[in-house]
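*Asks:* the following comprises the amino acid sequence and a computationally predicted model.
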Amino acid sequence: MEYFASVELSDLGRKRKNNEDACLRIPEKGVYCIADGMGGQAGGDLASEAITTALQETFAQAGPDDDRTFAGRIGLFRKAINQASKWMKNFADEKVLGQMGSTVVALVIDPRNPARAVGLHAGDSRLYRYRKGELKLLTSDHSAGAAIAAKLGRDIDSIPAKYQNELLRCVGSGESVELEKTPVDVSSGDLFLICSDGLTRMLPDNAIARILQREGQDSIGTVAQALIDGANEAGGRDNVSVVLVKVGDISGLPPVMDSEEEEEIVTDSPAGEAFTPPTHTAGTPDTDGPDQGHTPPTDDHTPDLTPDAVQPGIRPPSVAADREKAGTGRGVKIATGVVAALIVTAGAAGWLIFKSAGSPLSATVSAATPAASPGTNPEPKPETPIAVDAGKTKAIPAKEEPNFQLVFRPAAEAKAVPAESRDIVNAPEAPRATPAQTMASTPAQAVAQPPVAVVAAVASEAAAPKPTDAAQQANRATELLDLEEARQAFDAGDYDAVARLSGDHPGDEAFSALVKSSLAEQAALSHAAELFQSGDYSFTDRFWLEPYAHKPPFTRLLNAALSEYTKLNVLKTAKMENNWQSVLNQLADPRAAGLSGKPPFHALLLWANDQKEADHLEGAFETMLVSFGVKSPGNAYIKDPAARKARRINTPIVAAARNAYLGIVDQLESAFRKAGRLDEDSRSKYIAQLRDAINQHD
């Protein structure tokens with residue numbers, strides 16, 4: 001607590017009647033949190049309060065050792081959030097409230113190493129770090145808008161607001177929630193900002209950074225209030241909450257690592273990157289309930305063995321020792337117990353695979369299997385049949401445990417070994433027996449011979465290439481390669497390649513299924529393309545949610561549609577402002593080539609041309625009103641400079657001239673009607689008066 005100062009503020013904003021945000025600080029536990037509830041007055045405030053209450057009670061009731069380690073502290077946080085999520089789900093179902101939930105974002109400090117922390121969040125509330133004049137966003141929004149922006153490589157502000165308000169993850173959507181975990185490094189002087197979207201929707205990041213700069217001169221309480229005021233001055237459309245955490249001088253504090261857990265030092269990762277929780281000493285999960293996306297911790301340093309799992313004659317070596325001996329960085333899990341052998345042939349090599357039931361036993365490729373310890377007296381086991389050839393079996397006494405080293409060697413390389421040898425790796429070579437020789441052996445001989453050698457000999461011979469199988473093997477290899485290439489083409493949206501490759505393998509079920517899926521996606525793409533060509537962009541509303549939306553042809557179409565849709569909205573805005581010049585100029589831009597042929601753009605083009613013609617005829621209309629005495633030159637209705645200088649016609653007009661003037665009036669009436677101006681500014685009335693004046697003029 002002496003190295004971290006913090007403050008919290010929450011404000012109603014200027015538009016809302018209820019504050020659905022909740023803040024929480026537990027400095028003695030290194031936990032700082034904000035929750036932004038959803039569900040209106042019926043449940044939003046209850047949802048956020050459920051989170052803070054669950055956290056307070058969980059950490060208050062925790063034992064002294066429960067948050068002694070970093071993993072333990074994170075586990076308590078997850079446990080509390082899952083309890084709150086389950087309560088929200090049950091409460092909403094019971095009260096028939098519909099959707100009830102809350103975002104959550106928190107900063108959790110390592111109790112033994114203040115130089116590291118972790119961000120935990122679900123939803124679009126955010127965690128920032130301000131360091132040396134630079135503001136960095138540490139979390140990624142779990143919203144549809146953020147997902148679309150990331151997928152399309154666009155700025156989130158260009159995505160329609162309705163998607164930005166749609167959360168893809170939140171507390172309360174189920175009985176448990178997956179919290180995204182972001183590792184954070186902490187340095188002296190850092191300032192962490194935890195906030196609800198009521199701040200980030202009102203203020204851009206650069207404006208937030210400018211306010212945080214004041215921290216050098218003002219207290220963090222003053223800075224927090226400045227953030228609240230800035231959001232309200234920008235409109236205050238939502239509740240706004242902030243928690244600021246200021247880091248003191250921690251440069252002289254040595255990190256204390258948990259030796260039992262051997263947690264590695266973590267550094268910042270890109271926002272949104274998943275982080276695997278550290279393992280626990282006892283190998284127990286972080287929470288009492290399910291935690292989606294959270295892998296229950298295991299101990300990677302010792303095999304998961306119980307005394308009953310260790311079989312006579314097999315001593316589980318330590319993984320570290322095995323890795324040192326074998327020169328490999330990975331242990332392999334093999335199950336022990338009742339053993340059955342399955343021979344699988346592929347190409348020219350056969351592999352021996354043991355299936356069993358029992359506790360997992362950690363072993364490695366080259367670790368030798370030691371003989372049974374002196375004095376070991378295992379209980380007798382029933383004889384277990386091992387498949388040898390064409391459904392025939394030989395009884396193998398259970399005491400003849402197979403050497404598991406052979407599992408990892410091609411059967412073609414496996415050698416028969418003397419019965420007294422237990423170490424196949426170091427055993428001298430022995431002649432390989434054929435299946436006929438093996439089957440001709442007496443039961444006593446079969447018992448004397450190690451079962452692994454018997455099965456290995458059969459596997460080796462079964463795996464040997466046969467002339468009659470050569471063509472089949474080549475065809476199968478080609479088929480598998482084509483199938484993999486077809487799947488890659490399908491994933492890339494190259495449907496022509498899928499059809500071409502599938503055509504070489506008619507009747508194959510795997511290719512047929514791939515073609516069926518390909519045709520379905522092609523139909524969806526074709527339908528969307530037709531809508532796009534007609535200027536109907538409604539398909540973009542849910543298009544991005546489809547499983548194929550990430551594929552190149554769909555992404556290109558969606559990008560083009562969103563770009564045109566944005567342009568269309570800009571032109572519609574210009575029309576609302578009666579700015580026909582802007583519409584014509586934008587449609588004349590070479591970058592908009594082809595748009596005027598699409599119905600919505602063509603309609604705007606016609607409108608702009610009609611307005612242009614009407615504007616040009618406006619002066620002629622006012623001039624005729626003055627010339628035939630309907631209006632005087634000084635009347636306020638006359639705005640055209642040329643019309644103000646016009647003079648009334650006092651001389652008689654011949655019939656031909658009268659008809660010409662009446663034709664001009666008809667043209668004016670038609671142009672004003674097309675432009676939608678005929679019923680504006682009394683034009684229809686003045687046109688009628690103008691006709692009468694022309695007809696009565698002598």
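*Replies:* Perfect, thanks for sending it.

*Asks:* residue ranges with poor pLDDT in the stretch 51-200 of the chain?
*Replies:* Low-confidence segments of the stretch 51-200 of the chain (pLDDT under 70): 96-98.

*Asks:* what ranges do the strands span in it?
*Replies:* 101-109, 116-122, 126-131, 134-137, 180-185, 191-195 (DSSP state E, counting those that start in this stretch).

*Asks:* and these, which is most packed in?
*Replies:* Ranked by mean neighbour count under mean count of other Cβ atoms under 10 Å, the strands of the stretch 51-200 of the chain are led by strand 101-109, which reaches a mean of 28. For the C-beta atoms, the positions are set from N, CA and C on the backbone; glycine is no exception.

*Asks:* domain parsing of the protein, as residue ranges.
*Replies:* The chain breaks down by automatic domain parsing into domains covering 4-247, 307-371+380-465, 606-696.

*Asks:* check which helix or strand residue 517 maps to.
*Replies:* Per DSSP states H and E: residue 517 is located in helix 509-533.

*Asks:* who are the packing partners of that helix?
*Replies:* Where contact means 3 or more Cβ pairs under 8 Å, 6 or more residues apart in numbering; DSSP states H and E, helix 509-533 is packed against helix 470-491, helix 495-503, helix 552-576.

*Asks:* which of the ones you listed sits closest to residue 188?
*Replies:* helix 552-576 (44.2 Å; Cβ to Cβ).

*Asks:* identify each buried residue in the closest one, please.
*Replies:* 553-555, 557-558, 561-562, 564-565, 567-568, 571, 574-575 (16 or more other Cβ atoms under 10 Å).

*Asks:* the helix holding residue 517 to helix 552-576, inter-axis angle?
*Replies:* Following axes from the mean of the first three to the mean of the last three Cα atoms, to 10 degrees, one obtains 10 degrees for the angle between helix 509-533 and helix 552-576.

*Asks:* now what about helix 509-533, what contacts it?
*Replies:* Helix 509-533 has contacts (Cβ atoms under 8 Å, 6 or more residues apart in numbering) with 483, 486-487, 490, 493, 495, 498-499, 501-502, 505, 537-539, 543, 546, 548, 551, 553-554, 557, 560-561, 564, 598.

*Asks:* for residue 187, give me phi and psi.
*Replies:* phi -130, psi 160 (degrees, to the nearest 10).

*Asks:* measure residue 625 to residue 665 for me?
*Replies:* From residue 625 across to residue 665, the span is 10 Å (Cβ to Cβ, to the nearest Å).

*Asks:* wait, residue 519
*Replies:* Distance from residue 519 to residue 665, by Cβ to Cβ: 62 Å.

*Asks:* ok, the two, which is more surrounded?
*Replies:* Per other Cβ atoms under 10 Å, whichever of residue 519 and residue 665 has more neighbours is residue 665, with 18 against 13.

*Asks:* quick one: contacts for the more buried one?
*Replies:* 624, 687, 690, 691, 694.

*Asks:* show the pLDDT at it.
*Replies:* Residue 665 is assigned 92 on the pLDDT scale.

*Asks:* element containing it, please.
*Replies:* Using DSSP H and E, residue 665 falls in helix 655-674.

*Asks:* any regions of the stretch 501-650 of the chain where pLDDT drops low?
*Replies:* Short version for the stretch 501-650 of the chain, where the test is pLDDT under 70: none.

*Asks:* try 80 this time
*Replies:* Within the stretch 501-650 of the chain, the stretches with pLDDT under 80 are 541-545.

*Asks:* can you add distance to residue 586 and give the helices and strands packed on helix 509-533 back as a markdown table?
*Replies:* As requested, the helices and strands packed on helix 509-533 are exported to a markdown table (distance: least, Cβ to Cβ, whole Å):
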| stretch | distance to residue 586 |
| --- | --- |
| helix 470-491 | 38 |
| helix 495-503 | 36 |
| helix 552-576 | 6 |
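
*Asks:* so which of the buried residues of helix 552-576 is the closest to residue 251?
*Replies:* Among the buried residues of helix 552-576, residue 555 lies closest to residue 251 (Cβ to Cβ), at 47.0 Å.

*Asks:* so the closest one versus residue 549, what's the distance?
*Replies:* 7 Å.

*Asks:* who touches both of those two?
*Replies:* residue 151.

*Asks:* buried residues in the helix ranked longest in the chain?
*Replies:* Counting by DSSP state H, the longest helix found in the chain is helix 599-627. Across helix 599-627, burial judged by 16+ other Cβ under 10 Å covers 600-601, 604-605, 607-608, 610-611, 613-614, 617-627.

*Asks:* now for residue 93: which residues touch it?
*Replies:* Applying Cβ under 8 Å, 6+ apart to residue 93 gives no contacts.
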